[in-house]
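**Q** Next comes the sequence, and after it the predicted model I'd like to discuss.
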Amino acid sequence: MTVGTMEVILLGAHGLLRTDIFGKVDPYVVIQYGNEEHTSKIVHGQGSNPGWNERFKFKAQYPADAGDDEQRKYRLFLRLMDHDTFTRDDYLGHTTIYVKELLELGVENGKAELGTHKYRVILKDGSYHGEIQVGVNFSVPK
């Protein structure tokens with residue numbers, strides 16, 4: 001088993017669902033990989049097209065523990081939320097990035113880069129509304 005660092009680069013989003021009465025959206029992202037979770041800053045004043053430009057690091061191992069099912073082992077899950085001051089935060093959608101091949105390449109070469117891609121934001125009903133731009137890198141110590 002090889003353990004390395006997976007870096008998630010959260011750049012921005014476009015066309016997110018407007019959930020408030022006045023169309024105001026204060027989005028943030030909860031990023032989960034395995035048992036680790038990181039939360040981005042809340043972006044105020046940019047509406048449904050926020051920019052975060054943040055980096056998050058996760059511990060990643062390949063091959064992953066056998067106790068997890070195959071789908072969840074290598075899943076990077078991003079949940080987009082709208083911050084509300086007086087009520088519960090609204091769910092804006094999610095996206096899932098599978099990183100098994102990235103980790104395989106990283107173990108083989110010492111590092112691997114998925115690069116920056118746009119991913120569709122999936123709503124509760126399975127439809128799409130907006131996109132999120134994310135990059136992912138993986139490296140192992142020498």
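**A** Now that the structure is in, tell me what you want to look at.
**Q** what's the pLDDT at the residue sitting nearest the centre point of the chain?
**A** Centroid-nearest residue in the chain: Leu78, 3.4 Å away (criterion: C-alpha atoms, centre = their mean). What the model reports as pLDDT for Leu78 is 98.
**Q** That one contacts Val30, doesn't it?
**A** Yes. In terms of C-beta atoms under 8 Å, Leu78 counts as a neighbour of Val30; the distance is 7.4 Å. Any C-beta I mention is one placed from the backbone N, CA and C, and that applies to glycine too.
**Q** show me where this protein has helices.
**A** Under the criterion DSSP state H, helices of the chain are mapped to 70-73, 100-109.
**Q** Against Leu92, how distant is the nearest residue to Pro50 once chain neighbours are set aside?
**A** Using C-beta to C-beta, 6 or more residues apart in numbering and skipping residues adjacent in sequence, the residue nearest Pro50 is Val43, 3.8 Å away. Val43 sits 12 Å away from Leu92, taking C-beta to C-beta, to the nearest Å as the criterion.
**Q** what do you get for Ala13?
**A** Applying C-beta to C-beta to Ala13 and Leu92 gives a distance of 9 Å.
**Q** which neighbours do the two share?
**A** 27, 80, 121, 130 (C-beta atoms under 8 Å, 6 or more residues apart in numbering).
**Q** still on that earlier bit, who has more neighbours out of Ala13 and Leu92?
**A** Under the criterion of other C-beta atoms under 10 Å, the comparison of Ala13 against Leu92 puts Ala13 first, with 29 against 24.
**Q** how much space between the more buried one and Met1?
**A** For Ala13, the distance to Met1 - C-beta to C-beta - is 34 Å.
**Q** Could you do Leu10 as well?
**A** Taken as C-beta to C-beta, the span from Leu10 to Met1 is 28 Å.
**Q** the more surrounded of the two?
**A** Comparing Leu10 with Met1 by other C-beta under 10 Å, the one with more neighbours is Leu10, at 23 against 8.
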